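K.L.:
what follows is a predicted protein model with its sequence.
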Amino acid sequence: MAASTLTESEKRKNMPLEYSTEEGDLRIVGFWIFLAAELVLFSTLFATYLVLQSHTAGAPTAKDLFKINPVMAETIVLLVSSFTCGLGTLELRRHNTKGLIAWLVVTVILGLAFIGLEANEFYSYAVHEGAPLSSSAFLSGFFILLGTHGAHVTLGIFWVTAIIIQLAQRGITAVTARKAFMVGLYWHFLDVVWIFIFTAVYLTGLVI
Amino acid sequence: MENIKTFLSHFFVTGDPMIYGADASIALVSVAIVFVLTYFKKWKWLWREWLTTVDHKRIGIMYIIAALLMLFRGGVDALMMRTQLALPNMHFLNSEHYNQVFTTHGTIMIIFVAMPFIFGLMNIAVPLQIGARDVAFPFLNAVSFWLFFFGAMLFNLSFVIGGSPDAGWSSYAPYAGAELNPGVGQNYYLIGVQISGIGSLATGINFLVTIAKMRAPGMTLFKMPLFTWSILITSIIVIFAFPAFTVALALMTIDRLFGAHFFTIASGGSPMLWANLFWFWGHPEVYIVLLPVFGIFSEVIATFAHKALFGYVVMIWSMIAISVLSFLTWLHHFFTMGNTAPVNAFFSLSTMLIAIPTGVKIFNWLFTLNKGRIEFTTPMLWALAFIPNFTVGGVTGVMLAMAPADYQYHNSDFLVAHFHSTLIAGTVFGVFCGLHYWWPKMFGYLLNEKLGKWSFWIFMISYNICFMPMYFLGLMGMTRRMYTYPAGLGWGPINFIITIGAFGMGLGFTIMAANIIWSAIHGKRDTTGDPWDGRTLEWSTSSPAPEYNFAHIPVVSTRDAFEAMKEEERKGVKRRQLPFEPIHMPNNSGIPFIMSAFFFVAGFGFVFEWYWMGIPGLIGIVICLLARSFVYNDHHHIPTDEIERTERAAGRFS
Amino acid sequence: MKKTFKMKVLGALSLLLVLLTGCSNHIAVLNPQGPVAREQYHLIVWSLIMMSLVLAVVLIIFIYVLVRFGRKNSKDYNPNDTGNRKLEIVWMLIPVLICVALAVPTLKVLFSMDQPPKATAEAPRNFAGKTLTIDVTSVQWKWLFRYPEQNIETVNYVVIPKGVPVKFRLHAYDAMNAFWVPELGGQQYTMTDMPMQLWLQADKPGNYLGRSSNYSGKGFAKMDFHVLAKSSNDFDSWISDIKSNSPALTMTKYRELLKPNNVKPMAFSSYPKEIEKNLNKAQMEGKESGKSDSMKGMDMSGDSGKGGHHE
């Protein structure tokens, strides 16, 4: 790790704060690769869902269940949270700790709202419509694909909260900047996954 | 009282004298370990030096110790199976017990022997080969190891608590589902393998970043040692293959625990989907355990032929080609599952294509030997034996790739012989080769050559006695996973020969274990750091390598960097001794061990569907993650006088 | 060094000798008794020849370099010999050519396996067409054979006329199994959610051993069956014998057969019509308990392929 020569550390000086140490650089690269693995994980879940989509086995189908309003609400909340998270990164670049924390707090609140909406949607399917995970292969695929995404968002909420606390304790340093930047990547990634869910699950489910 | 009795009789596996024997020996060994550690006051030492270490070399050693122990267990499983099959209508094992034994044999050998052995060797060699002081994420590296370790422990626990899985290492649905296979055995498989799989994925990411970003100055991609190249490619395969397996295991777990219908017979489940997901990981997995040993053989053959590798660039492109093709061939594991002819045709051809880069590699190794000065050391013998024996596995692989012919080989002992030809002559020979080769770098002394050669010859010849006849057994119609067979089919004598071969391999392994113990006491010390006249950077530092690997980061200008340095020295070019600088190193941490222990607790809870245990376990994991996030004091500097002392003790500073 | 390799080569040759002479009738795959198995056998022998050539070339070069350069001071030691473009192209092209030589017949046989083999004998009077259709169901751990045209059912053995193509339609009641009669041809899986078909034909009367090749649990090792090939006259008389002398398969008896165990061979003079639907375990149990749920599950599998077998 001490391999960095003088020229290299000079090069790093002109980089954004999160890339300014070799360690930060390594971790961000590692995190991108982790996201690539996550992409494979979600692709597998999508493939599974698409294979099982027609295997409704007499239980309620996508058309029976999906309603456009709650889905639109979830989508808007999550997209806005991604936007506020991006604004946070802009504040990070301007070294404005307070601004960064404020936007991250908004992101967490929107994340919680999304989880609430999704939990409500799941509850109405499983209890009101009598279509829990165990009723058909289609519903198993649906709940697990969306549930995996939801679990990621939940974990993300814990993670952002931890970083907000650290920012409040330490301000913006090379380490906290890297952490805030990485959690931003994670949050945007979940947003991208949601766009695929919206298209592959809800839109096709409502139309077909 | 009655309730407790019934619970206990289900909780502990009962009724089999062999399992009681195992219970007793596990208890005795545990007591002995606790006693020795307490008597010699070694608890603190164990915790400080090993359980909390983030040093890649120590993690590598722990991987290899665990892999050798698991190899012993998987080997005992194999010998039990071969004893049962030695004669027709044997009554050594009953059907249920045999089914559990072949399931654990396969799972342990692939997931808990081949992978950790390779991870161990790459942990030891890769950072040293690229002139780095550690891997990119030392903490994560420790997490990977402990996840593997606790995953393996959970899986092995099934043997005495609750009952082992019995659906085969490939666990085909619907047989592996809750309906046809109730009980906790299959849960152990799903959750144990899952936990260690998460660790494997982290290792893949770790080594990809390490190799991509932490090479010594001057070491461009096409100046890297072949083993490092093989690990780079393997890491990429791990990253793209393991998530699919994670999902497959999770889905089957959800099927079994929460009544979902991914792979069930009822409610629209698709058993075939399991086969697809499993082999989408499973086939690349074969190359995850093969490409690294291709790397090891390339290093060892070049070292002991005293020549640079023949066709270095082609060797690398062949590995890249193999890695791409490995994702396009998974369906050849089930040609006979009702695919249309064009689909089978595609996968038949893509599988045959793998023979081309593999063939190229075989010829390049042969031509590395050509015009060399071959030295027959133990690691070299393993590498040389690989060439003809693996070729047998390769050509039978091409035969299996021909879909219509596969209709006759599939699921038969022909297939079993084929994949043992690739996995033993490839992976096992390879890790044994690497073990002997890097042993002095790990411990500072050499393994005994005489015992090493004995173990090699006995193991290699027995391997042939064991698996060559098995091809014919398959053509005679014997299928895999049969716990017994009737007399009168002509299978008896061949099975008997195979059993003799299997015990021969056991003897070879025992001699190797004896060699390890004998050499620990009497082994020849390696004071030079370069006992084999090596060509790559790991031999440029002392044996065993100091904590910081290199007092000065080497500067590289060519392939085989250390060979070039030695060449310069021979020409009389003197190297300047630079002043030491403090070295920045990561701190040890107990979190990886504790967090993995929580994984174990959570896993055990979910195996028995005890959510009062599983959920607190999960919470423990999240707390560990958060705790780690708040650790800022995670590194220290080794002062120059300490470096000076270490280097002086190794005879490298005067 | 040298000696051991010689021994190894000798060992391989002696095994080959065993293969070519003595007990080749024990080696089922190399003893094809029908056109399907024969086609696969020719492919296997062709690949065996090509692969033996490859192995021989590798072994010859291997032994040569070890003997020639396996000394502490080998005379032609040349550390600068690290590549040869021309040679490398040669050994890239050779495997390509071998692959082509193997791929062409592979594809030919692969596509021909969807078609029935050519009949070599007159079809028995007992069935209308030129081919016989038999429905096979694997149940933990037994084989049920249903003759839809003749309306009879057998367990753990099946009788076919020689020289006539037989279409086996394969189903699974519970676990996945694979239907394999090595002397007559390669295998296919049996599955709960997708029927498969396999063409087989026997040249001459005989008794051929078949078994499940895919592990399915406790009784799997004993899950074998016999395929009896008979002349068309004998086949006709066997049918009429079963019709007149065997009991009928009742639904109660059928349910008993669906329980996981190993049983002796049996024959039945007729079977209840409803078992022609090939219900799997979930559908059967759903039906028993009157659940509509899993019956609808069957509709699902209808569009994913179940309808296919009435083509």
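P.N.:
Cool, got the structure. All values derive from a computational prediction rather than experimental measurement. Numbering: from 1, shown residues only, chains lettered A, B, ... in the order given.

K.L.:
buried stuff in the longest helix along chain C?
P.N.:
With residue count as the measure and DSSP state H as the assignment, chain C has helix C:35-69 as its longest helix. Within helix C:35-69, the residues scored as buried using 16 or more other C-beta atoms under 10 Å in any protein chain shown are C:35-41, C:43-44, C:46-48, C:50-51, C:54-55, C:57-59, C:61-63, C:65-66, C:68-69. Where C-beta positions appear, they are placed from N, C-alpha and C, glycine not excepted.

K.L.:
helix or strand for the residue of chain B found nearest chain C, just tell me which one.
P.N.:
Distance from chain C to each residue of chain B (C-beta to the nearest C-beta) is smallest for B:Tyr407, at 2.1 Å. Secondary structure from DSSP states H and E places B:Tyr407 in helix B:403-409.

K.L.:
restricting to C-alpha, output that helix in PDB.
P.N.:
What follows is the C-alpha trace of helix B:403-409 in PDB, where atoms were taken according to Å, rounded to 0.1, in the frame of the first residue of the first chain:
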ATOM      1  CA  ALA B 403     -24.600 -34.900 -27.400                       C
ATOM      2  CA  PRO B 404     -25.900 -38.100 -29.000                       C
ATOM      3  CA  ALA B 405     -23.000 -40.100 -27.500                       C
ATOM      4  CA  ASP B 406     -23.600 -38.400 -24.200                       C
ATOM      5  CA  TYR B 407     -27.100 -40.000 -24.100                       C
ATOM      6  CA  GLN B 408     -25.100 -43.200 -23.400                       C
ATOM      7  CA  TYR B 409     -22.500 -41.800 -21.000                       C
END
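
K.L.:
which residues sit against that helix?
P.N.:
For helix B:403-409, contacts defined as C-beta atoms under 8 Å, 6 or more residues apart in numbering or on different chains pick out B:332, B:335-336, B:344-345, B:347-348, B:399-400, B:415, B:418, B:474-475, C:29, C:37, C:39-40, C:43-44, C:47, C:106, C:109-110, C:113, C:182, C:185-188.

K.L.:
following it, which helix or strand shows up next?
P.N.:
Next in sequence after helix B:403-409, counting helices and strands by DSSP H and E, comes helix B:413-422.

K.L.:
output the contacting helices and strands for that next one.
P.N.:
In terms of contact count using 3 or more C-beta pairs under 8 Å, 6 or more residues apart in numbering or on different chains; DSSP states H and E, helix B:413-422 is assigned the packing partners helix B:271-305, helix B:378-401, helix B:449-475.

K.L.:
now the residue lying closest to B:Asp55 once chain neighbours are set aside: phi and psi?
P.N.:
Leaving aside its chain neighbours, B:Asp55 sits nearest to B:Glu547 (6.3 Å; criterion: C-beta to C-beta, 6 or more residues apart in numbering or on different chains). Recorded main-chain torsions at B:Glu547 are phi -50, psi -40, according to degrees, to the nearest 10.

K.L.:
from what I can see B:Glu547 touches B:His636, true?
P.N.:
No: the pair formed by B:Glu547 and B:His636 falls short of the contact definition of C-beta atoms under 8 Å, at 11.0 Å.

K.L.:
between these two, which one's more packed in?
P.N.:
With other C-beta atoms under 10 Å in any protein chain shown as the criterion, B:Glu547 and B:His636 differ in neighbour count, and B:Glu547 comes out ahead with 17 against 13.

K.L.:
please determine how far the more buried one is located from B:Gly282.
P.N.:
The gap separating B:Glu547 from B:Gly282 is 38 Å, by C-beta to C-beta, to the nearest Å.

K.L.:
which one is the residue of chain B closest to chain C nearest to, not counting chain neighbours?
P.N.:
Excluding the flanking residues, the one nearest B:Tyr407 by C-beta to C-beta, 6+ apart is C:Gly186, at 2.1 Å.

K.L.:
give the contact list for that neighbour.
P.N.:
Applying C-beta under 8 Å, 6+ apart, the residues contacting C:Gly186 are B:Thr336, B:Pro404, B:Ala405, B:Asp406, B:Tyr407, B:Gln408, B:His410, C:Val36, C:Ala37, C:Gln40, C:Trp180.

K.L.:
next, the contact list for the first one, please.
P.N.:
Residues counted as contacts of B:Thr336 (C-beta under 8 Å, 6+ apart) are B:Asp406, B:Tyr407, B:His410, C:Ala178, C:Gly186, C:Gln187, C:Gln188, C:Tyr189.

K.L.:
any idea of the pLDDT on the fifth one?
P.N.:
This points to C:Gly186. C:Gly186 carries a pLDDT value of 91.

K.L.:
and it, which helix or strand is it part of?
P.N.:
strand C:185-190.

K.L.:
now the helix or strand that that strand is followed by: mean pLDDT?
P.N.:
Going down the chain from strand C:185-190, the next helix or strand is strand C:196-200, by DSSP H and E. When pLDDT is averaged over strand C:196-200, the result is 93.

K.L.:
tilt between strand C:196-200 and helix C:35-69?
P.N.:
Orientation of strand C:196-200 against helix C:35-69 (axes from the mean of the first three to the mean of the last three C-alpha atoms, to 10 degrees) gives an angle of 90 degrees.

K.L.:
okay, angle between strand C:196-200 and strand C:185-190 too, please.
P.N.:
Interaxial angle, strand C:196-200 versus strand C:185-190 (the same axes, to 10 degrees): 160 degrees.

K.L.:
partner strands of strand C:196-200, with direction?
P.N.:
Sheet neighbours of strand C:196-200, with direction, are listed as strand C:166-172 (antiparallel) (DSSP bridges).

K.L.:
in CSV, list the C-alpha atoms belonging to the strand it pairs with.
P.N.:
As requested, the backbone C-alpha atoms of strand C:166-172 are provided in CSV (Å, rounded to 0.1, in the frame of the first residue of the first chain):
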residue,chain,number,x,y,z
VAL,C,166,-41.1,-47.8,-30.3
LYS,C,167,-41.9,-44.3,-29.0
PHE,C,168,-41.5,-44.1,-25.3
ARG,C,169,-43.3,-41.1,-23.8
LEU,C,170,-41.6,-40.3,-20.5
HIS,C,171,-43.2,-38.9,-17.4
ALA,C,172,-42.3,-38.6,-13.8
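
K.L.:
need the contacts of C:Gly186 in TSV with pLDDT, can you?
P.N.:
Shown next, in TSV, are the contacts of C:Gly186 (pLDDT from 0 to 100):
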residue	pLDDT
B:Thr336	91
B:Pro404	92
B:Ala405	93
B:Asp406	94
B:Tyr407	94
B:Gln408	94
B:His410	94
C:Val36	93
C:Ala37	93
C:Gln40	93
C:Trp180	95
